[in-house]
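Novice: quick one, what's the 3D model for this:
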Amino acid sequence: MIITLFIALLLAIPMGIYLAKAFDYNITGLDKIYEPIEKCLFKIGGIKKQNQTWKQYAISLVLANSFMIVIVYMIFRLQGILPLNPSNIAGMEPTLAFNTAISFMTNTNLQHYSGESGLSYLSQMIGILFMMFAAPATALAVVIAFIRGLAGKKIGNFFIDFIRAMTRVLLPISFVAGLIFIGLGVPQTLDPSITAQTIEGTEQNIARGPVASFLSIKELGNNGGGYFGVNSAHPFENPNALSNLIQILLMLLLPTAMPFTYGRMVGSAKQGRTLFISMAMILVVFLGITLTSEYQGNPVLHDMGLQQGQGSMEGKEVRFGVGQSVLYAVVTTASETGAVNTMHDTMTPIGGMLVLSNMLLNTVFGGVGAGFINVMMYTMIAVFLSALMVGRTPEFLGKKIEVKEMKLIAVTMLIHPLLILGASAVALILPQGTEAISNPGFHGLTQIVYEYTSSAANNGSGFEGLGDATPFWNVSTAIVMFLGRYFGLVTMMAVAGSLAAKSLVPQTVGTLRTDTALFGTILLGTIFIVGALTFFPILVLGPVAEYLTL
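Specialist: Presented below is the predicted three-dimensional model:
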């Protein structure tokens, strides 16, 4: 685990520098490689190299993504009569198609269907795989535009940034990763399922397909949806320890690089390092507590002599054991990926609470782009609170944070808990919600809260004991996913646009520096105080109460 995290650190810095160059509108060495391809795409799409206002940028991303949702929804509904369907899978039920289209376009990848039996090859490649590129490309474009606004630069053009995210980041890296996965034994074929004869003499249908290409962008783009129903616990999707390592590194690659990209683009590498260290500290602490809980296992079984030192192996792949299962669970929820190599529903109460907390805070690196925007939101809240305590006007990157910005930030901060707690309350009131609970009591409450938290944070993992394949859950989680994704992106783009239009104010001895260990501590305190005030009661009623009653 230490080696894995160390490699992730070594990759984060050069990747952060590369991202800054990839989205630089000035001429760079990368243009010689990618510009001919991009010029062709710009010509086909009628895209002109002109800067947009923050409003034009936000409208472009919402309308483009909404159009993609409609197209993919139709593919899911009509897959039964479309080609590349050797297993003759029928078209998706309307609410399930609605949920799935929104799920993958919002980078959530919440799956209320079983991967290998719910979609045809055409739906997997033209629908799912397409959105697995489009969703992180959208988030990358937005975060770069957001950073440009903070740095006082022009916002840029959404369609140019969107294509650059594809051509310069997602496609080349996922192509190389896909070849590596093929070499490790991950299937990549359009042949139908294989019927095998088992030892007991019965027949077994073994699903396969273009899994390697699916897997690489699933992890790199922080998508997380599984080609197979059990996701990366399946040996075709995660054959061995090396594939498990590469998946973890891909999940961390872009989120851990963003602070360094930010530092380079705003001209303050030290500030980027401060943000990275702050987020890394939360990740390491959460990982340590989760490991301790899972290795201790269930105290009841331990007292009965049924667990002797190996920890809680319930729901975990024996190929990976407790350690790699916990590391994967913490990383996938911290990076808002949602891929799983163990069933989170079977984790100990404290272990489940920590992976849930990653999504509740939504700032422990977070997913591609959107997670870092959340980090910057809390950074500005920390600046505002610190300035109030010393009686100064809040300043960030030489710009005053005033009433307009703080109203937008406050609304953005409130939408996340409102979606989670509001939707959970509705589900607990209605029989359509409570009948999905498989474990009554405190764990059942956690199942519901986890589902909506995963939706609002655009993570997509779930406590899979919840019977969520119903119209109620399909529609309600789809609404939460859509609002959880686009509301915050648009409001924070408004903040960036507002700051970009302001003049620089001179720095004085009283200006709060945001590149010091002191500010990093203030930032961590802000995140945990706001998080605790918002979500502590529901954690006490769920996982904490479950732990105390074991």
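Novice: the stretch 51-200 of the chain: strands as residue ranges?
Specialist: 194-197 (DSSP state E, counting those that start in this stretch).
Novice: return the residue of this structure that is most distant from the centre.
Specialist: Within the chain, residue 201 marks the point farthest from the mean C-alpha position, 42.9 Å out by CA atoms, centre = their mean.
Novice: list the buried ones in stretch 182-191?
Specialist: 182, 184, 186-188 (16 or more other CB atoms under 10 Å). The way it works is simple: take the backbone N, C-alpha and C, and place the C-beta from them, glycine included.
Novice: before we move on, what about stretch 533-547?
Specialist: 534-535, 538-539, 542-547.
Novice: hmm, who's touching that stretch?
Specialist: In this structure, residues lying in contact with stretch 533-547 by CB atoms under 8 Å, 6 or more residues apart in numbering are 348-350, 352-353, 356-357, 360, 417, 420-421, 424, 441-443, 445-446, 449.
Novice: also stretch 6-21?
Specialist: Under CB under 8 Å, 6+ apart, the answer for stretch 6-21 is 28-30, 140, 144, 169, 248-249, 252-254, 256-265, 272, 276, 280.
Novice: how far off centre is it?
Specialist: 18 Å (CA atoms, centre = their mean, to the nearest Å).
Novice: what helices or strands is the helix or strand containing residue 404 leaning on?
Specialist: Using DSSP states H and E, the secondary-structure element containing residue 404 is helix 403-429. Packing partners of helix 403-429 (3 or more CB pairs under 8 Å, 6 or more residues apart in numbering; DSSP states H and E): helix 370-390, helix 431-434, helix 442-456, helix 471-500, helix 517-539.
Novice: again, 10 Å this time
Specialist: Where contact means 3 or more CB pairs under 10 Å, 6 or more residues apart in numbering; DSSP states H and E, helix 403-429 is packed against helix 349-361, helix 370-390, helix 431-434, helix 442-456, helix 471-500, helix 517-539.
Novice: please work out the average pLDDT along it.
Specialist: When pLDDT is averaged along helix 403-429, the result is 95.
Novice: before we move on, back to that, buried ones among the contacts of stretch 533-547?
Specialist: Buried among these by 16+ other CB under 10 Å: 348-350, 352-353, 356-357, 360, 417, 420-421, 424, 442-443, 445-446, 449.
Novice: pLDDT and distance to residue 92 added to the buried residues of stretch 533-547, as CSV?
Specialist: Shown next, in CSV, are the buried residues of stretch 533-547 (pLDDT from 0 to 100; distance: CB to CB, whole Å):
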residue, pLDDT, distance to residue 92
534, 91, 35
535, 94, 33
538, 94, 32
539, 95, 35
542, 95, 32
543, 95, 33
544, 95, 38
545, 95, 38
546, 93, 35
547, 92, 39
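Novice: the residue most central in space within the chain and residue 371: what is the separation?
Specialist: Geometric centre of the chain, nearest residue: residue 336, 2.5 Å, by CA atoms, centre = their mean. Distance, residue 336 to residue 371, using CB to CB, to the nearest Å: 6 Å.
Novice: do the same with residue 512
Specialist: From residue 512 to residue 371 the distance is 24 Å (CB to CB).
Novice: please say which of those two ends up with more neighbours.
Specialist: For the pair residue 512 and residue 371, the greater number of neighbours falls to residue 371 (26 against 18), based on other CB atoms under 10 Å.
Novice: tell me the pLDDT of the more buried one.
Specialist: 92.
Novice: got it, and the one 10 residues further on?
Specialist: Model confidence at residue 381, expressed as pLDDT, equals 94.
Novice: pull out the buried residues from stretch 193-208.
Specialist: Neighbour-count burial for stretch 193-208 [16+ other CB under 10 Å]: 207-208.
Novice: that one - what's its average pLDDT?
Specialist: Mean predicted confidence for stretch 193-208 is 88.
Novice: overlap in contacts of residue 336 and residue 371?
Specialist: 107, 139, 222, 255, 362, 364-365, 457-458 (CB atoms under 10 Å, 6 or more residues apart in numbering).
Novice: quick check: residue 459 touching residue 364?
Specialist: No. Assessed by CB atoms under 10 Å, residue 459 is found out of contact with residue 364, at 11.3 Å.
Novice: those two - which one has more neighbours?
Specialist: residue 459 (33 against 27).
Novice: ok, that one - contacts?
Specialist: 107-110, 222, 224, 332-339, 355-356, 358-359, 362, 366-367, 450, 453, 481, 484.
Novice: 6 Å - rerun?
Specialist: 336, 338, 359 (CB atoms under 6 Å, 6 or more residues apart in numbering).
Novice: what's the separation between the second one and residue 459?
Specialist: Noted for residue 338: a distance of 4 Å to residue 459, by CB to CB.
Novice: do the same with the last one
Specialist: Spatial separation of residue 359 from residue 459 under the definition CB to CB is 5 Å.
Novice: check which residues of stretch 319-338 are buried.
Specialist: 320, 322, 324-338.
Novice: the nearest residue to residue 203 once chain neighbours are set aside bridge partners, please.
Specialist: If the residues on either side of it in the chain are set aside, residue 203 comes closest to residue 195, at 5.5 Å by CB to CB, 6 or more residues apart in numbering. Beta-bridge pairing for residue 195 (DSSP bridges): residue 205.
Novice: return the helix or strand in the protein with minimum mean pLDDT.
Specialist: helix 299-303 (a mean of 58; mean pLDDT, DSSP states H and E).
Novice: low-scoring stretches of the chain, by residue?
Specialist: Low-confidence segments of the chain (pLDDT under 70): 115, 298-310.
Novice: got the angle for the helix holding residue 404 vs helix 471-500?
Specialist: 170 degrees (axes from the mean of the first three to the mean of the last three CA atoms, to 10 degrees).
Novice: helix 403-429 vs helix 517-539, what angle?
Specialist: Going by the same axes, to 10 degrees, helix 403-429 makes 30 degrees with helix 517-539.
Novice: for helix 403-429, buried residues please.
Specialist: So for helix 403-429, counting by 16+ other CB under 10 Å, buried means 405, 408-409, 412-413, 415-421, 423-424, 427.
Novice: and the gap between residue 4 and residue 237?
Specialist: Following CB to CB, the distance that separates residue 4 from residue 237 is 19 Å.
Novice: just residue 216 next, same as before
Specialist: Using CB to CB, which is the criterion applied here, residue 216 is 11 Å from residue 237.
Novice: residue 58: which of the helices and strands packed on helix 403-429 is closest?
Specialist: helix 471-500 (4.7 Å; CB to CB).
Novice: which helices and strands does that closest one pack with?
Specialist: When contacts are defined as 3 or more CB pairs under 6 Å, 6 or more residues apart in numbering; DSSP states H and E, helix 471-500 packs onto helix 54-78, helix 94-105, helix 130-150, helix 403-429, helix 442-456.
Novice: let's have the ones you listed in CSV, adding distance to residue 344.
Specialist: Shown next, in CSV, are the helices and strands packed on helix 471-500 (distance: least, CB to CB, whole Å):
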stretch, distance to residue 344
helix 54-78, 26
helix 94-105, 17
helix 130-150, 21
helix 403-429, 16
helix 442-456, 7
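Novice: of those helices, which is nearest residue 120?
Specialist: Between these, helix 54-78 lies closest to residue 120; by CB to CB that is 9.1 Å.
Novice: give the buried residues for the closest one.
Specialist: 54, 57-58, 60-62, 64-65, 68-69, 72-73, 75-77.
Novice: which one of those residues is nearest to residue 117?
Specialist: Nearest to residue 117 among the buried residues of helix 54-78, with distances taken as CB to CB, is residue 76, at 13.9 Å.
Novice: test my guess that the closest one contacts residue 92.
Specialist: Yes. Counting by CB atoms under 6 Å, residue 76 does reach residue 92; the two are 4.3 Å apart.
Novice: so which of the helices and strands packed on helix 403-429 gets nearest residue 131?
Specialist: helix 471-500 (12.3 Å).
Novice: pull out the buried residues from that closest one.
Specialist: 472-478, 480-500.
Novice: so residue 270 sits right up against residue 515, yeah?
Specialist: Yes. Using CB under 6 Å, residue 270 is in contact with residue 515, at 4.1 Å.
Novice: quick one, which of the two is more surrounded?
Specialist: Using other CB under 10 Å as the criterion, residue 270 and residue 515 rank with residue 515 on top: 16 against 11.
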